[in-house]
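Participant: sequence? don't have it. structure:
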C-alpha cells in the first residue's frame, strides 16, 4: 500500500559527533541569532572556491517565502579574529588549509565551546580540494545545519511546554507535537484543531486535521492540496465576508517524501492566500497515515508576519510539527 522513494534521511544523529573532553563539563549557552552561521576562513578562501561553494549551498533562497531570504545568514571571520566571543556562536564552520594533508574532509561536531552548538570543520591541502569536499557533501552539510536549528526549537519546546495542548491532541489523534509556552488552542471542530502563537503583528499557526484514506492517490500533491483547500475554506475564515484561507494557485507547492526520527511522511511546501483578500504567507505540511492506516493525518505550520522577514518564524513553527511523537503504548 505504501510504495515510495525517500529523498531525505535522518542520519545526522550519527554524524553529529560530540566534542571530546575529560569528564562532564557544563557548557555555556550559545550566542547569535537563529539562522546565522559564522565561517572562519581567510579572505582568499572566502572570496574564491571554498567560500563560493559554501554560499551556493547555505546562502541560496529559503524555499517558498513571499520575499527572498537566504537559507542561512553567513558571516566571514578571519582566523586571527576567531576569539572566545565568536567561539560560543550557535553555528560555526571552520576552514583549514594545510598542504601536508593528503586529502580534504569534513567533520561535524557538536557542543565544542557552547551548547547546543554545531561546528563543521573543513580541512584539505588546498582551496580546490576543500571546495570539492564541500560540493560533494552539500546535502549532508545543509541538512546538518537545518537539523541543528530544528533541534534547538524542539529542545526548548519540550523544556518549556504547554503540556495541556499536547495532552488534548493526543486524546484526539493518538500522538502530538510538543507546543512551547505561548501557544493556545484557537479553534477545534470534529476533525480539525487550530493551535497558534499570536502577537500584535505575527501569527505562527498549526493546523491538525485528518481525511479518509481511500487509495494510493490520497498521498499525492493534487489530493493533499484539494483536501487542504476544502478544509481551510470551511474552518479558517478571513477578516471579511466570503474570505477564507486557501492555497496560492500561481506557484505550485513542492512535494517530497521524508524519513525522519523513525517516521515517514510527505512534506508539502507552498504559499497560502486569503481568497478575495490580500493576506498571505508560507506554509509547510507533514502528511502521513494514522496508526490504523484508515486516515491521512495532516500537520500544517504557517506564518503570517506582513511587517517582518519570515524565515525564522517559519523555521520555528515548522520545527514544532517535526517534534510530533505517537503516544507510547
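Facilitator: Now that the structure is in, tell me what you want to look at. Computed from a prediction, not measured in an experiment: that's the story for all the values here.
Participant: could I get the full set of helices for the stretch 101-250 of the chain?
Facilitator: 127-136, 138-159, 163-173, 221-235 (DSSP state H, counting those that start in this stretch).
Participant: disregarding flanking residues, what is the spatial nearest neighbour of residue 290?
Facilitator: In space, residue 290 comes closest to residue 297 once its chain neighbours are excluded; the distance is 5.3 Å by CB to CB, 6 or more residues apart in numbering. C-beta coordinates here come from the backbone N, C-alpha and C atoms, glycine included.
Participant: how many residues are close by the residue lying closest to residue 231 once chain neighbours are set aside?
Facilitator: Setting aside the residues directly before and after it, residue 231 is nearest to residue 209 in space (CB to CB, 6+ apart), at 5.4 Å. Close neighbours of residue 209, defined as other CB atoms under 10 Å, add up to 22.
Participant: need the helices of the stretch 101-250 of the chain in a markdown table with distance to residue 75, can you?
Facilitator: Shown next, in a markdown table, are the helices of the stretch 101-250 of the chain (distance: least, CB to CB, whole Å):
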| stretch | distance to residue 75 |
| --- | --- |
| helix 127-136 | 17 |
| helix 138-159 | 14 |
| helix 163-173 | 37 |
| helix 221-235 | 37 |
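Participant: which residue packs closest to the residue of the chain positioned farthest from its centre, ignoring adjacent ones?
Facilitator: In terms of distance from the mean C-alpha position of the chain, residue 100 ranks first, at 38.2 Å (CA atoms, centre = their mean). Spatially, and ignoring its direct neighbours in sequence, residue 100 is nearest to residue 125 (7.3 Å; CB to CB, 6+ apart).
Participant: equivalent analysis for residue 88, please.
Facilitator: Residue 88's closest residue in space is residue 114 (CB to CB, 6+ apart), at 3.9 Å.
Participant: touching, that neighbour and residue 87? I think so.
Facilitator: Yes. Residue 114 lies in contact with residue 87 (CB atoms under 8 Å); the separation is 7.4 Å.
Participant: and the chain, what are its domain boundaries?
Facilitator: 8-157, 161-326 (automatic domain parsing).
Participant: quick one: contacts for the closest residue to residue 116 other than its chain neighbours?
Facilitator: The shortest distance from residue 116 to any non-neighbouring residue, by CB to CB, 6+ apart, is to residue 152 (5.4 Å). Residue 152 sits next to 34, 90, 116 when contact means CB atoms under 8 Å, 6 or more residues apart in numbering.
Participant: let's see it at 10 Å
Facilitator: 30, 34, 90, 115, 116, 117, 118, 316, 319 (CB atoms under 10 Å, 6 or more residues apart in numbering).
Participant: same question, residue 122
Facilitator: 39-41, 45, 50, 53-54, 93-97, 104-107, 129-131, 133-134, 137, 141.
Participant: please pick the buried ones from those residues.
Facilitator: Buried members of the contacts of residue 122, scored by 16 or more other CB atoms under 10 Å, are 39-41, 45, 50, 53-54, 93-95, 97, 104, 106, 129-131, 133-134, 137, 141.
Participant: give me the sheet partners of whichever strand or helix holds residue 74 and which way each runs.
Facilitator: Element membership for residue 74, per DSSP states H and E: strand 73-77. Note on strand 73-77: by DSSP bridges, its sheet partners are strand 36-40 (parallel).
Participant: test my guess that residue 224 contacts residue 283.
Facilitator: No. Counting by CB atoms under 10 Å, residue 224 does not reach residue 283; the two are 11.7 Å apart.
Participant: flag every buried residue along the longest strand seen in the chain.
Facilitator: The longest strand of the chain (DSSP state E) is strand 263-274. Judged by neighbour count using 16+ other CB under 10 Å, the buried positions of strand 263-274 are 265, 266, 267, 268, 269, 270, 271, 272, 273, 274.
Participant: what about the fifth one, distance to residue 224?
Facilitator: When you say that, I think you mean residue 269. Applying CB to CB, to the nearest Å, the value for residue 269 to residue 224 is 12 Å.
Participant: so what sits against both of these two?
Facilitator: 253, 255, 285.
Participant: of these, buried ones?
Facilitator: Looks like those have 253, 255, 285 buried, using 16+ other CB under 10 Å.
Participant: how about the first one, nearest residue that isn't a chain neighbour?
Facilitator: Looking back up the chat, that one is residue 253. residue 270 (3.1 Å).
Participant: and the pLDDT at the one you found?
Facilitator: Here, the pLDDT recorded for residue 270 equals 98.
Participant: my read: residue 101 touches residue 123, true?
Facilitator: Yes. Residue 101 is in contact with residue 123 according to CB under 10 Å; the separation is 5.9 Å.
Participant: which residues are common contacts for the two?
Facilitator: With CB under 10 Å, 6+ apart, residue 101 and residue 123 have common neighbours 129, 130.
Participant: alright, calling it a day.
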